[in-house]
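A.B. asks: I need the structure of the sequence given here:
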Amino acid sequence: MVLEEFLIAALPESHRLSREESIRLADLSGDPFVLFPRRLGLSFYDLAVDACRGAGFEPRVSQEATHMQTIVGLVAAGTGVSLVPVSVAEHRKTGVAYRPLEDETPPARIAVASRLGNPSHTVGLFYESSRSWMFAADLHIDPAPAIRYGLHSCKFLVSWMIQASSPISGRA
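C.D. replies: A predicted model of the protein is given here:
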């Protein structure tokens, strides 16, 4: 595992709760949701839906999108609200208000994976640098540059793996 992040709410700036300091997830029960498709992101979809269920409601999914920035764009356009990892808020988007949740939700986890038996030197280096970045973060060393580049690389790898048809295995 490379990273654990908590979920936050992404709301249109015009949303009734956008000016609140933090929000309860149950307060979004009547809103349409924009989520990552379950068929492509089983664990993240389930994390978001399970968080809603834990707050006492079934989210009404009005739109799905395959990239977090597309989800945020749809939120900005007023299509609905979403739950996103806190790192998504680093990429400020006009029209979106990010609010922490008062609810305790399980963290989103990002892990490094590769094809079984992949001898690629590049994959090995990526894995080791990801582990080093995680270790630095645990030691409370400022990982901001690594986060900025590591998260993008990790998201690229995860996106690539989702689209790949070959079996993958996790490395932690």
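
A.B. asks: going forward, measure contacts between C-alpha atoms and count neighbours the same way
C.D. replies: Fine.

A.B. asks: In stretch 53-64, which residues are buried?
C.D. replies: 55, 57, 59, 61, 63 (16 or more other CA atoms under 10 Å).

A.B. asks: and if you look at stretch 63-72?
C.D. replies: In terms of neighbour count (16+ other CA under 10 Å), stretch 63-72 has its buried residues at 63, 65, 68, 71, 72.

A.B. asks: and what of stretch 36-50?
C.D. replies: For stretch 36-50, a neighbour-count test (16+ other CA under 10 Å) marks 36, 37, 41, 44, 45, 47, 48, 49, 50 as buried.

A.B. asks: What residues does the fifth one make contact with?
C.D. replies: If I follow you right, that is residue 45. Shown in contact with residue 45 (CA atoms under 8 Å, 6 or more residues apart in numbering): 35, 36, 37, 38.

A.B. asks: so what's the first one up against?
C.D. replies: What that stands for is residue 35. The contact partners of residue 35, by CA under 8 Å, 6+ apart, come to 45, 61, 63, 64, 65, 71, 82, 83.

A.B. asks: Residue 7 now?
C.D. replies: Going by CA under 8 Å, 6+ apart, residue 7 touches 83, 84, 85, 86, 100, 101, 105, 107, 108.

A.B. asks: so which of these is the most crowded?
C.D. replies: residue 83 (29 neighbours; other CA atoms under 10 Å).

A.B. asks: where does the residue nearest to residue 51 when sequence neighbours are not counted fall, helix, sheet strand or coil?
C.D. replies: With sequence-adjacent residues excluded and distances taken as CA to CA, 6 or more residues apart in numbering, residue 51 is closest to residue 105, at 6.0 Å. Under DSSP: H, G, I helix; E, B strand; the rest coil, residue 105 falls in the coil class.
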